[in-house]
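Enquirer: Need the 3D shape of this:
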Amino acid sequence: MSAPATTRLSIISPVQDFLFFFLSAAVVLVAWAATALLHVEPFYVLAAVAVVSNGPHLVATWSRVYFDKREVKERPVALLVMPAVIFVFVALTTWKAGYPGVRLLNSVILYWATWHFVAQNWGILRIYQRKSGEPETSLALSLERPLLLLFVLWCVLYRLHTGPRLLFGTEVFYALPSRDLVNSLLAIVLVVLGIFLAERFSQRRAPWARAARVRLAFLGCAFLGFFVPFQMITTDDTSAFAAAACWHGFQYLGMIRFYHRNTWRAGVDPDAKLISWLSQPGWTRAVLYVAFLGALAGSVYGVIFALSLVTRDSGWNFVTWGGVVWITLTLSHYWLDGVIWKLRRPELARRVGLEGPPQNTTPMPT
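Expert: Residues are numbered from 1 along each chain as shown. The predicted model follows:
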């Protein structure tokens, strides 16, 4: 059975949905223009993305996971032990394996990031689906996920076929796909897209037609977000990755802020005092939340500096530790998000605006 139709099709609000989930895809065009037209050094593109999007979105996960006592108590191994394991793996690989280790780490980042980005887009699309009231038996609805996955797979295989097959200047591990395979997959994508659009046209007067058009626009933005880095930024692997990461980061920041606002709307919670206080309505709290993320990101550089001082006689300097720490944070972020963002869990569904209000908040005076 489908969810009942709702008059509110947006996840956050029409304006914020447009900014975070639709317009955000345009940042990949900015990165393309900076690279292809203005010839900006890739380092500056990556640094700008780290400041405005990627760094804040990485530490935003901490505000969800480590500032709510219930999260850690519920999954201590997944949320505490596994990030420590990832850190040890990254540090040992950097220390012992040399260039093959760097190649391995960059390969893991590239492929896991691609899956991570597409999974986030599917999660947002799934929320739109469940709010739309469209029956699960609708053929067009059932084609949205395979269409998204197949398109991204084609983007990846095309890039591997044509090159460059690099990330941060290092060649990744890959299996070279044939031209026939790439073209066959593109043909499948076009066939599925044709069936999908025909079904959408036939349902243009259905009660859920307006919601379906919203999701069609979202899919179009997702296609743009993947196509430009993989197919248009072909001379600079660093800027290509930065473009996709920037778009992904803006999406994530919009969703995490909405998650906090919706979760703690009953007031400050004793098990999550700081984050629930920062999540209360008002521009002041929003500004303080941004400052909070900045402070968390800044603390990372403090840790890197301290580690470089401790190991300065071993040859591990600030740059070495910076790579180890940020790769650890990146891979840990991918891991943590795979654990905590599961819409099949009723409590998470409530916290992102589905199936009624959150049930485990305890109001306190603010």
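
Enquirer: What pLDDT does the model give the residue lying farthest from the centre of the chain?
Expert: Distance from the centre of the chain peaks at D313, with 37.7 Å (C-alpha atoms, centre = their mean). Looking at D313, its pLDDT is 80.

Enquirer: Same check on T361?
Expert: For T361, the predicted pLDDT is 40.

Enquirer: Next: R265.
Expert: R265 carries a pLDDT value of 90.

Enquirer: mind checking the SS state of it?
Expert: Recorded secondary structure, R265: coil (DSSP: H, G, I helix; E, B strand; the rest coil).

Enquirer: how many neighbours does it have?
Expert: Other residues near R265 come to 16 when the count uses other C-beta atoms under 10 Å. Glycine gets a C-beta too; all of them are placed from N, C-alpha and C.

Enquirer: Look up how far F258 lies from it.
Expert: Separation of R265 from F258 (C-beta to C-beta, to the nearest Å): 11 Å.

Enquirer: Where does pLDDT dip in the protein?
Expert: Low-confidence segments of the chain (pLDDT under 70): 1-7, 355-366.

Enquirer: the strands in it, which residues?
Expert: With DSSP state E, the ranges of strands along the chain come out as 166-167, 170-171.

Enquirer: need the ones you listed in CSV with mean neighbour count and distance to S184, can you?
Expert: Conversion of the strands of the chain to CSV gives the following (neighbours: other C-beta atoms under 10 Å; distance: least, C-beta to C-beta, whole Å):
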stretch, mean neighbour count, distance to S184
strand 166-167, 19, 26
strand 170-171, 16, 26
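
Enquirer: I'd like those laid out as JSON lines, including distance to F89.
Expert: As requested, the strands of the chain are arranged in JSON lines below (distance: least, C-beta to C-beta, whole Å):
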{"stretch": "strand 166-167", "distance to F89": "18"}
{"stretch": "strand 170-171", "distance to F89": "18"}
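
Enquirer: just so I know, which of the ones you listed lies nearest A222?
Expert: Closest to A222 of these, according to C-beta to C-beta: strand 166-167, at 21.2 Å.

Enquirer: So what are the sheet partners of the closest one and their directions?
Expert: strand 170-171 (antiparallel) (DSSP bridges).

Enquirer: For burial, what's the neighbour tally of F117?
Expert: F117 is flanked by 22 other residues according to other C-beta under 10 Å.

Enquirer: same check, this time on I340
Expert: For I340, the count of nearby residues is 18 (other C-beta under 10 Å).

Enquirer: Also G225?
Expert: G225 has 26 neighbouring residues, counting by other C-beta under 10 Å.

Enquirer: Could you double-check that it lies in contact with V28?
Expert: Yes - taking contacts as C-beta atoms under 8 Å, G225 lies within contact range of V28: 5.5 Å.

Enquirer: Which neighbours do these two have in common?
Expert: By C-beta atoms under 8 Å, 6 or more residues apart in numbering, G225 and V28 have these common neighbours: 244, 247.

Enquirer: How about the contacts made by L278?
Expert: Residues in contact with L278 (C-beta under 8 Å, 6+ apart) are 63, 260, 285, 288-289, 292.

Enquirer: which one is it nearest to, not counting chain neighbours?
Expert: Leaving out its chain neighbours, the residue that sits closest to L278 by C-beta to C-beta, 6 or more residues apart in numbering is Y289, at 4.6 Å.

Enquirer: measure the one you found to G133 for me?
Expert: Here the criterion is C-beta to C-beta. By it, Y289 lies 33 Å from G133.

Enquirer: Would you mind telling me which of those two has more residues around it?
Expert: Neighbour comparison, Y289 and G133: the larger count goes to Y289, with 21 against 17 (by other C-beta under 10 Å).

Enquirer: Contacts only, for the more buried one.
Expert: 63, 257, 260, 278-279 are the contacts of Y289 under C-beta under 8 Å, 6+ apart.

Enquirer: From the residues you listed, list the buried ones, please.
Expert: Of the members of the contacts of Y289, the ones counted as buried by neighbours, 16 or more other C-beta atoms under 10 Å, are 63, 257, 260, 278-279.
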